[in-house]
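# Kindly generate the corresponding structure for this input.
(2 chains)
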Amino acid sequence: EAGVTQSPTHLIKTRGQQATLRCSPISGHTSVYWYQQALGLGLQFLLWYDEGEERNRGNFPPRFSGRQFPNYSSELNVNALELEDSALYLCATRGGGADTQYFGPGTRLTVL
Amino acid sequence: GQQLNQSPQSMFIQEGEDVSMNCTSSSIFNTWLWYKQDPGEGPVLLIALYKAGELTSNGRLTAQFGITRKDSFLNISASIPSDVGIYFCAGIYNAGNMLTFGGGTRLMVKP
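Next up is the predicted model:
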């Protein structure tokens, strides 16, 4: 069974640009979670999508947004990039009624 | 917001030694999860705990869900070099909701 996949692996942008990150869940998983792992700040919850709807968001500004598609894959969009947005962005998915979340390999975003 | 305090922050041990790390919280969690993360990769699930008092093993790893629901520990027995990495505890308060993470324990094993 294929795990959670994320693309791209690495992304380099400049300040003010927009970034789009993608996540494909494990087959059968309908919930997608996005987390930011910035250096020295640990893992912080960003967004939760389930059945195409945003269910919860963390303490991040509105320029962090996303969506979930009918096939349950998801996109994270970050607008007006700032230097401090440089981080590893992790996607996790959940399904089957269990609470367990499984992570993808992450997208390393670097903002110059 | 909810916070998880994970300790120790780092450990440098000899191969073959046992390791213990724990997480505590001021709030109750209904699920505890333990993950291991290698550099530049996503966290990999090690153990999931769903009931207060639950003790679960996965090979050389053993984890317990504290009876107060405010703490959890992870033990690794007979450590080996491939145990090197960062271990995170994570808690879930509401079913289906987001993970709250501890700050991580960086484990280094000397062969």
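
# Poorly predicted segments of the chain, please.
This is for chain A. A:1 (pLDDT under 70).

# Please refer instead to chain B.
Using pLDDT under 70, chain B drops low at B:1-2, B:95-96.

# burial measure for residue B:38, as a count.
12 (other C-beta atoms under 10 Å in any protein chain shown). In this view, the C-beta of every residue, glycine as well, is placed from N, C-alpha and C.

# need the contact list for the closest residue to it other than its chain neighbours.
Nearest residue to residue B:38, sequence neighbours excluded (C-beta to C-beta, 6 or more residues apart in numbering or on different chains): residue B:85, at 5.0 Å. Residues in contact with residue B:85 (C-beta atoms under 8 Å, 6 or more residues apart in numbering or on different chains) are B:36-39, B:106-107.

# Got the phi and psi for residue B:85?
phi 160, psi -170 (degrees, to the nearest 10).

# What's the separation between it and residue B:28?
28 Å (C-beta to C-beta, to the nearest Å).

# For chain B, list the residues in contact with chain A, please.
Contact residues, chain B versus chain A (C-beta under 8 Å from any C-beta of the partner chain): B:1, B:30-31, B:33, B:35, B:40-45, B:48, B:50, B:88, B:90, B:92, B:95-104.

# List the beta-bridge partners for residue 56.
Just going to use chain A. Under the criterion DSSP bridges, residue A:56 forms beta bridges with residue A:48.

# Sorry, I should have been clearer: chain B.
The partner residues for residue B:56, given DSSP bridges, come to residue B:63.

# Let me see the contact set for the residue most central in space within chain A.
Against the mean C-alpha coordinate of chain A, by C-alpha atoms, centre = their mean, the closest residue is residue A:34 at 3.4 Å. Going by C-beta under 8 Å, 6+ apart, residue A:34 touches A:23, A:45-48, A:66, A:74, A:76, A:89-91.
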